[in-house]
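**Q** Structure here, sequence nowhere to be found:
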C-alpha cells in the first residue's frame, strides 16, 4: 500500500550522516526538528535486528524458525492497514481587531481558488529486518498454482485493489462532492492538430473561468512555474511552436544568474562517495546535502529559463517519488535527482525507471537492500507496479507482486554503490503480468539483466502508458482529464517506446489542453514560487542585508527561508514522506489556513522583508502608474496576473484600499499599494495555474 510504505529509521552505520545533531549555523532550526520517521510508532510486528533478543529479555521463549520465504510487506505479515484519520478542519479566519473586514474581502476574492496542505496522518509500515542470514539462494518456481506465500488476509492470487484500501490517489480525491462539481466544468473530448500553434488557433474555450481566454497566457501558466512579463514577451516573439521547441531543448538555454549562484551550495555537485568522505567537514559547516538539493530545486523553479524542464522534473518527482528526507537521503538523494530524474526528465521513462531501480536512493528508501531469497521484502516490487508503472488498477495481482519481489532479490548497496549479490538472489521461474523468464542463471550479470528486462517490460506495459498519460494530463490539463486525450497520449507513449518529448508535444498539440483554461489550481509551493516570479524578485542580496551567518551566503540563507515557509504550507520539492508523491488535484489542497499563510507571505515579499533577495518596490511595479484608483488597479492587475479583473473583483480590491475608482492616487496608491498588490495576488487569477 503506497501510503503505508514508509521506511523505518535504520541503525546508524557507515552510510550515516550526523548533521542533524548540530543546530544550523544561521540560527534557524527545521520546522519540525526531527526527520520524518523519528516520531513514528513502531508496529508490533516490526522486529529488532536480533529477532530473538526481545523475547529473551522479556522472559518468553523464542519463536520457532520461520519457513522461507518470509514476506515483509506494507502491513507486515498480513496485518490490516491502520486507519488514517481525516485531516484537521479549517481554521477560523476571523479575529476581533480592525482587520476583519480586510481579511473577509481577501477571502471573498481568493476563496474560489483556495489551495492548501491537507493533513492526513502518516502511518509507518513495519519492516522485519535481519531475520535471516545470507544463505545461498534456493531454486524454485514461483509461478506454480500452489499458493505458499499468502495469508488469509492477503491471498496471493487476489487483485490488490480488492485486498487493500488504497485507491489511486488523485481519483480518490476526485470522487468527493467537490470533485464531482469540478468534473461538470472540465473540457470534453477533442482532437490532435499538426502542432501546438494550430491547436491553439482552432480551439474554442467553452468552460466557465475567470481567466482570460488567451492562449499565450494559458501556455505561460501551465508550462512554467508562473507567467512573467518576460515569458509572455518571449512566447509572443518566438511564437507558440518556437517557444515550446526551445523549452524542449533545455541544454541550449543558458543558465540564469540564479543557477550560476548555485555554486554557493557546497554539497550540490558532490557525488555520494564525496559526501561520505567529506561528511565531517560539511557537518562542521552545518551543511545538510538533502536540503541543499531542495534549495537548488526551488531556485531553479523561481529563476531558471528552462521552465518546462523544471515543470517536468517536478512531475517525475511526484510520479517516481523518493523523499528527500529519508534516512540515507543526505548521501544519495542529490545523486538520484541528478542521475535519474533530471537526466531522463525529457528523455525515456523506461530508462528512468531502470536507472532508479539500480540507484542506492530507491533501494534504501524502499528497503530492497533488506530483501533476499530467504527473507523477501516486497516494498520496491509493489511500488514498481502500483506507483511507478501500471498503477493500482493495472491488472496485477498479489501473486505478481510476490513473484516480482523474488525476481528483484539480490539488488543491494555496498560501500555507497549499487551491487548485485547473487548469494541473495532467488533462482527459479517467474511470471509477472505478461513477463515470464526461467531466471535460472547464477551469473550475476545475466541475473541483473533479467531484472532490467522486467523493469523495461512494465515501463512499456499498456497500463503504464495509460497511467503516465492520465497523470500527465492531470498535471497539464485538468483534475478530470478527458478520456479521449488520455487514450491518444497513451498511444503516443506506446508508439514512441516511452519517450517523453513526443508525449509532451502531443499534449500541447491537443485541443483539450487549449480548452482547459482555468481548470487547474496551484498547489501551495506553486503559488509561492509563482509569487516570487511575478514580483520579479532578484537572487542578489538587497542593500539592507546584514551578514548574520558567516557560514552561509545571503542566497543560501534566503533559499533556506523559502524552504522553511513551504514546510509550513505543507508542500516543498520531494517533501512527501511516502512514495506516492504529492496529489495534483484541487480538492486535496483545501485549507483556508494555508491560503491565508500564502497571502501573508506575498505581503512579506511586497514589503521586501526577506532581504537576502532584492525586490521591486511595489510602487514601481507599474512603470507609469495611472492617476486614478480604478485605472491603477487595472494596470497593476495586468502587471501581476497578466489580465484585468472582473468588475466585482476590482470593487473588492478598491474596498481593501478604502477608495472609489475615481479617487486620485499617487504611485503609492495613497499609501495602500502593498495592500492592493497583495489583494491582487490573493485573487483567483493568481491562484489558478
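**A** Ah, there it is. Quick caveat, the model's predicted, so the values are computed rather than measured.

**Q** name the element residue 636 belongs to?
**A** Secondary structure from DSSP states H and E places residue 636 in helix 629-640.

**Q** Would you mind checking the average pLDDT for that helix?
**A** Averaging pLDDT along helix 629-640 gives 98.

**Q** Repeat that for stretch 499-519.
**A** In the prediction, stretch 499-519 has an average pLDDT of 97.

**Q** try stretch 393-413
**A** Average pLDDT, stretch 393-413: 95.

**Q** Just the buried positions in that stretch, please.
**A** Of the residues in stretch 393-413, 393-394, 396-413 count as buried by neighbour count, 16 or more other CB atoms under 10 Å. (Glycine included, C-beta is placed from N, CA and C.)

**Q** I'd guessed residue 296 sits against residue 269; true?
**A** No. Taking contacts as CB atoms under 8 Å, residue 296 lies outside contact range of residue 269: 10.0 Å.

**Q** Comparing these two, which residue is more hemmed in?
**A** The neighbour count for residue 296 versus residue 269, taken as other CB atoms under 10 Å, is higher for residue 296 (22 against 11).

**Q** in what helix or strand does the more buried one lie?
**A** In this structure, residue 296 sits in helix 289-303 according to DSSP H and E.

**Q** For that helix, enumerate the helices and strands it packs against.
**A** Counting contacts by 3 or more CB pairs under 8 Å, 6 or more residues apart in numbering; DSSP states H and E, helix 289-303 packs against helix 257-260, helix 307-319, helix 329-336, helix 524-534, helix 554-569.

**Q** Doesn't residue 579 lie inside a strand?
**A** No. Under DSSP: H, G, I helix; E, B strand; the rest coil, residue 579 sits outside any strand and is assigned coil.

**Q** phi, psi of it?
**A** Residue 579 has phi and psi values of phi -80, psi 10 when expressed as degrees, to the nearest 10.

**Q** quick one: low-confidence ranges for the stretch 201-350 of the chain?
**A** In the predicted model, the stretch 201-350 of the chain carries no residue with pLDDT under 70.

**Q** Listing partners with orientation, what would you give for the longest strand along the chain?
**A** Ranked by residue count, the top strand of the chain under DSSP state E comes out as strand 427-432. According to DSSP bridges, strand 427-432 forms sheet pairs with strand 139-141 (parallel), strand 435-437 (antiparallel).

**Q** buried ones in the last one?
**A** By neighbour count, with 16+ other CB under 10 Å as the criterion, the buried positions of strand 435-437 are 435, 437.

**Q** Which of the strands paired with strand 427-432 has the lowest mean pLDDT?
**A** Among the strands paired with strand 427-432, strand 139-141 has the lowest mean pLDDT, at a mean of 63.

**Q** ok, and the closest non-adjacent residue to the one residue sitting closest to the centre of the chain?
**A** Closest residue to the average C-alpha location of the chain: residue 318 at 3.5 Å, with CA atoms, centre = their mean. Leaving aside its chain neighbours, residue 318 sits nearest to residue 581 (3.3 Å; criterion: CB to CB, 6 or more residues apart in numbering).

**Q** Mind pulling the model confidence for the closest residue to residue 202 other than its chain neighbours?
**A** Distance criterion CB to CB, 6+ apart; nearest residue to residue 202, sequence neighbours excluded, is residue 193 at 6.2 Å. Listed pLDDT for residue 193 reads 96.

**Q** Surely residue 193 touches residue 509?
**A** Yes. Using CB under 8 Å, residue 193 is in contact with residue 509, at 5.2 Å.

**Q** Looking at these two, which one has more neighbours?
**A** Using other CB under 10 Å, the more surrounded residue of residue 193 and residue 509 is residue 509, with 23 against 18.

**Q** tell me the contacts of that one?
**A** With contacts defined as CB atoms under 8 Å, 6 or more residues apart in numbering, the neighbours of residue 509 are 192-196, 198-199.

**Q** Between the residues you listed, which sits nearest residue 568?
**A** Lowest distance from residue 568 to the contacts of residue 509 (CB to CB) belongs to residue 196, with 37.3 Å.

**Q** for that closest one, what are its contacts?
**A** 219, 240-241, 244, 505, 508-509.

**Q** Next: residue 255.
**A** Here residue 255 is in contact with 304-305 (CB under 8 Å, 6+ apart).

**Q** any idea how far it is from residue 300?
**A** The gap separating residue 255 from residue 300 is 9 Å, by CB to CB, to the nearest Å.

**Q** Correct me if wrong: residue 321 contacts residue 580.
**A** Yes. With contacts counted by CB under 8 Å, residue 321 reaches residue 580, the gap being 6.5 Å.

**Q** Next up, the contacts around the residue nearest to residue 318.
**A** Residues near residue 581 by CB under 8 Å, 6+ apart: 317-319, 321, 387.

**Q** sec struct for residue 668, please.
**A** Per three-state DSSP, residue 668 ends up coil.

**Q** burial measure for it, as a count.
**A** Residue 668: 14 neighbours (other CB under 10 Å).

**Q** which residue sits closest to it, ignoring its sequence neighbours?
**A** Distance criterion CB to CB, 6+ apart; nearest residue to residue 668, sequence neighbours excluded, is residue 619 at 4.8 Å.
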